[in-house]
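Asker: I would like the atomic coordinates for the input below:
(chains A and B, ligands or ions: 2)
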Amino acid sequence: MQMQLAEKFKSYKHVWVFVEIERGKVHPVSWELMGEGRKLADDLGVDLCGVVLGPRDEGTKQAIKEAYHYGADVCYICEDPLLADYRNEPYTRAMTDLVNKYQPEILLLGATPLGRDLAGSVATTLQTGLTADSTELKIADDKSLAATRPTFGGTLLCTIHTLNHRPQMATVRPRVMAMPEPDTSRSGRMVWHSLRMKEDDIVTKVLEFVSDAQVEKANLAYADIVVAGGMGLQQPQNLALVQRLAAVLGAEWGVSRPLVQKGWAPAERQIGQTGNTIRPKLYIAAGISGAIQHRVGVEGADLIIAINTDPEAKIFEFAHLGVVADALTVLPALTDAFARRLSARAMAS
Amino acid sequence: LNIVVCIKQVPDSAQIRVHPVTNTIMRQGVPTIINPYDLFALEEAMRLRDDYGGTVTVLTMGPPMAEDALRRALGLGADKAVLITDRRFAGSDTLATSFALTSALTKLAEEAPIDIVFTGKQTIDGDTAQVGPGIARRMGLNQLTYVSAIDSLETEAATITVRRRSEGGVQVLQSKLPCLITMLEDTNHLRRGTLQDMLRAARAPLTVWSADDAGIEDPMKCGLRGSPTVVKRVFAPQPRAEKAEMVAVEGKTPAQIGDAILDVLFAKSPKLEADVSAKITA
Ligand SMILES: Cc1cc2nc3c(=O)[nH]c(=O)nc-3n(C[C@H](O)[C@H](O)[C@H](O)COP(=O)(O)OP(=O)(O)OC[C@H]3O[C@@H](n4cnc5c(N)ncnc54)[C@H](O)[C@@H]3O)c2cc1C
Ligand SMILES: Cc1cc2nc3c(=O)[nH]c(=O)nc-3n(C[C@H](O)[C@H](O)[C@H](O)COP(=O)(O)OP(=O)(O)OC[C@H]3O[C@@H](n4cnc5c(N)ncnc54)[C@H](O)[C@@H]3O)c2cc1C
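Answerer: Ligands and ions are numbered 1, 2, ... in the order given. Here you go, the predicted structure:
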């Protein structure tokens, strides 16, 4: 292992964030990364740059504009019809060409299906290090990137460095970092890049896109309020108590993993390490013990209320409010209380 | 079809314990399993073989005891098994892992060209999902990740059509063989091995290769030395300083409990009441 940074990498400078556009829309994780990237760039005294890849259309134009609002100083832009739908080949080409030409020291991507697909290819092509699913990014004393990630289901954390290669790459899951406030007065420099590929060069073709909108799909990750139930609900039909409270609050509902494994709820409702990471303003957990794999998915919540019959339950170690009582009683009581309080408020105003 | 499925032997993570004093992972006595995600890849590979003919080879990089995982896969119905094992592989990150696996795959391809390489979506220990894309890149294979279904396969034309999970929907992709597929979980049901397969698995000879056998010429690309990432520190998460504030419920009716919770909640976060009512009126 060579600990010294080779001479050729010493000129690598600036922090880059990949702006993930899928079907005309920027994935919010890109702006979460922009917020984090801003701090890193400020620590290093360098520029924060967005990488925007997409077709020449309104969506891409909007993404560029917003990249500055969320903190970018510079955008590297590659607009090409071949980038209309995500495909690994042209995206990897555009990204690696840009990196080789402009030499960033740090490159961050969202740990989404698209981001993970791309990051793995780009890191391998560049032969550099890639830390997956980081939960904390910091500049170390030696000015290198210290990326911390949970390991073994969150029982431990480890801090990973890429010492002898550049760029230092990391992915971060959606909702792990806070969403920054956009500043619409900001704008910045644009650097244009051309893809130099033909459709014939690309083996994989997109035949069709089947949108999830056709089926009812949870958007747990970005919900403001989430109500979830665990094995303490005891019977599948008691999940209705969770759903009813969620409905009154205009919230999303979710479950701990065993409920998915038992077939009580679909996988997209699972919260935790192998499900959704959530970051709501309010999280109500009923009959959930608070295992570490659950905890890592909910810790970003502003306020956590736990309802559990066991005063020693682990969930009380990280919840803000605790209620030691039967969830089957408290959930309907809470639903009523909210309904009463909120209708009283609506009448008063 | 000549198919290779990469499988990893992992600790059964439900049973991982951390030493309370030294903060290190205690692996002794922890049972190992085939990475559960890889079983979906294995099943899909065997289905293709059953439909189109050919062989399924399972490949793993790991310590000698990773043989157990390979024998299990043979018992489930895989045809051949290859273990690459060498002290020089120790400490591999994803870049070094994809290098070693690619060397073995290249060596295997000398016997018969490989049509499809399968991997799982990710592992339950390293959990990076980076090894599949790494292999695809190194071997120049068309990369199809997060595949939920294989719609069709034309062996003559060497085309494959798959469904790929992406943000907000599913991409239907057409690509060419050879390709690398990372299979999504819960996309098929793992068969039970036949008695015949199980008996064969116990005795079948495995191919065991060292780094040299796998044709690795540059040991600097293996293991710790070939790994650009360096784990600097391993530590336990900090417990939160304060415990939950408990809402008193003793002797209260359910309605009183509901009100008591809201009183404490809105006292703790006055903004929340406004936020919640705004959401409801909207
Ligand atoms: C690799 C791996 C990944 C995992 N990923 C996840 C994940 O993403 N998400 C996840 O949630 N889990 C995950 N788990 C599982 C996790 O370890 C726990 O097993 C799981 O979270 C427990 O779910 P639970 O709290 O609902 O059930 P239990 O642990 O059985 O807890 C039930 C709780 O309900 C309480 N209770 C009982 N009756 C009542 C009542 N009437 N009213 C109120 N409370 C009551 C009990 O006191 C207890 O605390 C994972 C595990 C592994 C090994
Ligand atoms: C706690 C922890 C954290 C780590 N973090 C990082 C990190 O951030 N960056 C990094 O580069 N490395 C990291 N590593 C190292 C990494 O786990 C190893 O390189 C490992 O050999 C493969 O990566 P993975 O387990 O993440 O596999 P993944 O990339 O998640 O695996 C995808 C698929 O590749 C195949 N596969 C993976 N490993 C093997 C194998 N040995 N043999 C056969 N097939 C295999 C399987 O089909 C698997 O489903 C970490 C390791 C640990 C234990």
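
Asker: Is there any residue in stretch A:179-190 that contacts chain B?
Answerer: No. Stretch A:179-190 does not reach chain B (C-beta under 8 Å from any C-beta of the partner chain); its nearest approach is 15.4 Å. To be clear about C-beta, it is placed using only N, CA and C from the backbone, and glycine gets the same treatment.

Asker: so how far is that stretch from its chain's centroid?
Answerer: 20 Å (C-alpha atoms, centre = their mean, to the nearest Å).

Asker: pLDDT score assigned to the residue nearest to B:I261 when sequence neighbours are not counted?
Answerer: Closest residue in space to B:I261, ignoring its immediate chain neighbours: B:V247 at 5.4 Å, by C-beta to C-beta, 6 or more residues apart in numbering or on different chains. At B:V247, the predicted lDDT confidence score is 92.

Asker: Next up, the contacts around B:V247.
Answerer: A:321-323, B:257, B:260-261, B:264 (C-beta atoms under 8 Å, 6 or more residues apart in numbering or on different chains).

Asker: quick one: it and ligand 2, what's the gap?
Answerer: 38 Å (C-beta to the nearest ligand atom, to the nearest Å).

Asker: Need phi/psi at that residue.
Answerer: Per-residue torsions, B:V247: phi -90, psi 130 (degrees, to the nearest 10).

Asker: Would you indicate which residues of the longest helix along chain A are buried?
Answerer: Secondary structure of chain A per DSSP state H: the longest helix is helix A:327-348. Of the residues in helix A:327-348, A:327-339, A:341-342 count as buried by neighbour count, 16 or more other C-beta atoms under 10 Å in any protein chain shown.

Asker: For the chain, which segments count as helices?
Answerer: Here I'm looking at chain A. Using DSSP H, helices in chain A cover A:28-44, A:58-69, A:88-102, A:113-126, A:239-249, A:257-261, A:292-298, A:327-348.

Asker: my bad, the chain I had in mind was chain B
Answerer: Using DSSP H, helices in chain B cover B:36-52, B:67-76, B:94-111, B:131-139, B:195-203, B:254-268, B:270-281.

Asker: still on that earlier bit, and the helices of chain A, which is most packed in?
Answerer: Of the helices of chain A, the one with the most neighbours on average (mean count of other C-beta atoms under 10 Å in any protein chain shown) is helix A:113-126, at a mean of 26.

Asker: for chain A, what are the nearby residues on the stretch 51-200 of chain B?
Answerer: Going by C-beta under 8 Å from any C-beta, the residues of the stretch 51-200 of chain B near chain A are B:93-95, B:98, B:124-134, B:136-138, B:142-146, B:161, B:163-176, B:186.

Asker: Now narrow those to whatever sits close to ligand 2.
Answerer: B:93-94, B:125-132 (C-beta under 6 Å from any ligand atom).

Asker: returning to that earlier point: need the winner for burial among the helices of chain B.
Answerer: Sorting the helices of chain B by mean neighbours (by mean count of other C-beta under 10 Å), the first place falls to helix B:131-139, with a mean of 26.

Asker: State the mean pLDDT of stretch B:191-199.
Answerer: Rounded mean pLDDT across stretch B:191-199 is 94.

Asker: again with stretch A:84-101
Answerer: Per-residue pLDDT over stretch A:84-101 has a mean of 97.

Asker: same thing with stretch B:109-121?
Answerer: Stretch B:109-121 shows a mean pLDDT of 97.

Asker: buried residues in that stretch?
Answerer: B:109, B:114-121.

Asker: Same list (those) but as a markdown table, adding distance to B:D68.
Answerer: Formatted as a markdown table, the buried residues of stretch B:109-121 follow (distance: C-beta to C-beta, whole Å):
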| residue | distance to B:D68 |
| --- | --- |
| B:A109 | 26 |
| B:I114 | 25 |
| B:D115 | 28 |
| B:I116 | 25 |
| B:V117 | 22 |
| B:F118 | 20 |
| B:T119 | 19 |
| B:G120 | 17 |
| B:K121 | 22 |
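
Asker: which stretches of the chain have low pLDDT?
Answerer: Assuming you mean chain A. A:1-3, A:153-154, A:213-218, A:349 (pLDDT under 70).

Asker: could you do chain B instead?
Answerer: Ranges of chain B meeting pLDDT under 70: B:13-27, B:279-282.

Asker: ok, back up a step: which one of the buried residues of helix A:327-348 is nearest ligand 2?
Answerer: Of all those, ligand 2 sits closest to A:A327, with 34.0 Å by C-beta to the nearest ligand atom.

Asker: who's in contact with that closest one?
Answerer: Here A:A327 is in contact with A:229, A:232-233, A:241, A:286-287, A:307-309 (C-beta under 8 Å, 6+ apart).

Asker: Burial check on B:E217, number of neighbours?
Answerer: 9 (other C-beta atoms under 10 Å in any protein chain shown).

Asker: From B:T207, how far off is it?
Answerer: B:E217 sits 20 Å away from B:T207, going by C-beta to C-beta, to the nearest Å.

Asker: quick revisit: out of the ones next to ligand 2 among the residues of the stretch 51-200 of chain B next to chain A, which two are the most distant from each other?
Answerer: B:D125 and B:G132 (15.5 Å; C-beta to C-beta).

Asker: these two touch, right, B:T187 and B:S148?
Answerer: Yes. Counting by C-beta atoms under 8 Å, B:T187 touches B:S148, with 5.1 Å between them.

Asker: Now the stretch 101-250 of chain A against ligand 2: closest residue?
Answerer: A:T151 (3.0 Å).

Asker: Now that residue: closest residue in space, sequence neighbours ignored.
Answerer: Closest to A:T151 by C-beta to C-beta, 6+ apart is A:C158, at 5.2 Å.

Asker: gap between the one you found and A:T135?
Answerer: 11 Å.

Asker: where do the contact lists of the two overlap?
Answerer: Common neighbours of A:C158 and A:T135 (C-beta under 8 Å, 6+ apart) are A:148-149.

Asker: Looking at the two, which is more packed in?
Answerer: A:T135 (19 against 16).

Asker: Quick check: that one touching A:R175?
Answerer: No. Judged on C-beta under 8 Å, A:T135 makes no contact with A:R175 at a distance of 10.8 Å.
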